[in-house]
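Q: Need coordinates for the below:
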Amino acid sequence: MINYQSDDFGFGTQIRKSPYFDATVRWGAQGFSVYNHMYIPRDFGDPEQNFWNLVNDAILCDVAVERQVEITGPDAAEFMQLLTPRDLSKCAVGQCKYILITDAEGGILNDPVLLRLAENHFWISLADSDILLWATGVAINSGLDVTISEPDVSPLQLQGPKSGEIMKAVFGDEIEDLRYFWLREFNLNGMPLIISRTGWSSELGYEIYLRDGSYGDELWEHLMTVGEPLGLKPGHTSSIRRIEGGMLSYHADMDINTNPYELGLDRLINLDIEANFIGKEALSKIQKDGVNRQQVGIEIDCPPLQGPNTRPWSVTIDSIKVGHVTSAVYSPRLKKNIALVMIDIKYQAEGTKVTVVMPTGEARAIVVAKPFYDPNKSLAEGKA
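A: Reported below is the predicted structural model:
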């Protein structure tokens, strides 16, 4: 993480600043990390207070690092299905889908949200990996008529139980019937936007995609001006809440050496479709043969963790390594240390007792069900 120390931060131009960068600094951003070659605010003060702001009220997050890969052209729909094992045949215009992008060996390259803006117009809203380069390379050899680009699009997240009320105050009654994982085009005081009922928080929320970065400062300030009296606070994506919700972080919980079946994401794999998507043969073999490890949740019996883990921790049974912790954090709501673990399939059953080897020493832990909170995602879907 990089701390704010001067007006220009002393950062090089090879790492991009988002259109909201200056606004986030004015509103209290104190530290940044790098994601998709761009700075993202990671510190607005106490991370536990940020968590409570999210789950009790609402927060506004700069997530312009979720870069978009835009796919257009006569064969855009066919090309999009080439990239993902999830069946897109019923993905309607105006709909969003959580998808996986896999390589020829079935490894996960990214787990983005797909937005379908028109019949042959898609955005892939990225996690942290260079899918623009991957898609461009695939397109060159595909024989399909498509154009691949990164548009001038920068999303914000407005998340939390008060987000609906705040969005209505900003955009009017029209926003009320926007369904979960659907999108709509808006124009706010001349600012061109796409708004979707999505987000990386496991809470009720929206993503606001600005289609012209020159309006970044104006959009942030307008949202905060309207939203602050209704409980909106500047913030950053919450590791506490996303781990509670079992939400995955690319490079932490999965990478190119992880396949979807190890994560229990079978629902995102449709092997019976006609399309010969990249990784189909490999994923078919993995499904037939089974996996030798599985992602599980654990509770760690030790004093509250002082922030998320910054590297994998070994998981052992009788001093023999059987897995590793990918993401761990203390949940002040659950009053427990919770973690996501990749473990040998023989030990994935709930109730299995293990040992976690941390920098501070060893601790007992037990395998439990995940997600750790709101397993049916009622909050995110707006059912609660």
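Q: So the chain: which segments form each domain?
A: Structural domains assigned to the chain are 2-67+152-243, 74-147, 292-373, following automatic domain parsing.
Q: out of those, nearest to residue 250?
A: For residue 250, the closest of these is domain 74-147, at 3.8 Å, according to CB to CB. Just so you know, the C-beta spots here come from the backbone N, C-alpha and C atoms, and that holds for glycine as well.
Q: buried sites along stretch 345-363?
A: For stretch 345-363, the neighbour count (16 or more other CB atoms under 10 Å) marks 347-348, 352, 354-358, 363 as buried.
Q: now do stretch 192-210
A: Across stretch 192-210, burial judged by 16+ other CB under 10 Å covers 193-210.
Q: and what of stretch 251-266?
A: 252-254, 256, 258-263, 265.
Q: Now distance to residue 375 too, for those, in CSV please.
A: Below are the buried residues of stretch 251-266 laid out as CSV (distance: CB to CB, whole Å):
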residue, distance to residue 375
252, 21
253, 17
254, 20
256, 28
258, 22
259, 23
260, 19
261, 20
262, 20
263, 16
265, 16
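Q: Could you count how many residues lie near residue 215?
A: Each residue near residue 215 was counted by other CB atoms under 10 Å, and the total is 19.
Q: so the residue nearest to it when sequence neighbours are not counted bridges to which residues?
A: The spatial neighbour of residue 215 that comes closest, neighbours along the chain excluded (CB to CB, 6 or more residues apart in numbering), is residue 191 at 4.5 Å. Residue 191 has these beta-bridge partners by DSSP bridges: residue 188.
Q: quick one: residue 191 and residue 210 touch, right?
A: Yes - using CB atoms under 8 Å, residue 191 is in contact with residue 210, at 6.6 Å.
Q: Quickly list what's touching both of the two.
A: residue 219 (CB atoms under 8 Å, 6 or more residues apart in numbering).
Q: picking that back up, ranking the domains of the chain by mean pLDDT, which is last?
A: Lowest mean pLDDT within these: domain 2-67+152-243, at a mean of 94.
Q: Give me the subset of the buried residues of stretch 251-266 lying in strands.
A: Per DSSP state E, strands hold no members of these.
Q: got these as JSON lines, with distance to residue 309 and pLDDT columns?
A: Listed next are those as JSON lines, based on distance: CB to CB, whole Å; pLDDT from 0 to 100:
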{"residue": "252", "distance to residue 309": "9", "pLDDT": "96"}
{"residue": "253", "distance to residue 309": "11", "pLDDT": "98"}
{"residue": "254", "distance to residue 309": "16", "pLDDT": "97"}
{"residue": "256", "distance to residue 309": "21", "pLDDT": "98"}
{"residue": "258", "distance to residue 309": "17", "pLDDT": "98"}
{"residue": "259", "distance to residue 309": "23", "pLDDT": "98"}
{"residue": "260", "distance to residue 309": "23", "pLDDT": "98"}
{"residue": "261", "distance to residue 309": "24", "pLDDT": "98"}
{"residue": "262", "distance to residue 309": "19", "pLDDT": "98"}
{"residue": "263", "distance to residue 309": "18", "pLDDT": "98"}
{"residue": "265", "distance to residue 309": "22", "pLDDT": "98"}
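Q: Max pairwise distance over those residues: which two?
A: Spatial extent of these (CB to CB) is set by the pair 252 and 261 at 18.7 Å.
Q: Please tell me how far residue 352 sits from residue 264.
A: From residue 352 across to residue 264, the span is 16 Å (CB to CB, to the nearest Å).
Q: Residue 340 now?
A: Separation of residue 340 from residue 264 (CB to CB): 11 Å.
Q: Quick one: residues contacting residue 246.
A: Contacts of residue 246 by CB under 8 Å, 6+ apart are 202, 297, 340, 370-372, 375.
Q: Name the member of the residues you listed that has the highest neighbour count.
A: Using other CB under 10 Å as the neighbour criterion, residue 340 leads the contacts of residue 246 with 26 neighbours.
Q: for it, helix, strand, or coil?
A: The three-state label given to residue 340 by DSSP: H, G, I helix; E, B strand; the rest coil is strand.
Q: which residues does it form a beta bridge with?
A: Bridge pairing for residue 340 - DSSP bridges - gives residue 297, residue 327.
Q: Lovely, talk soon.
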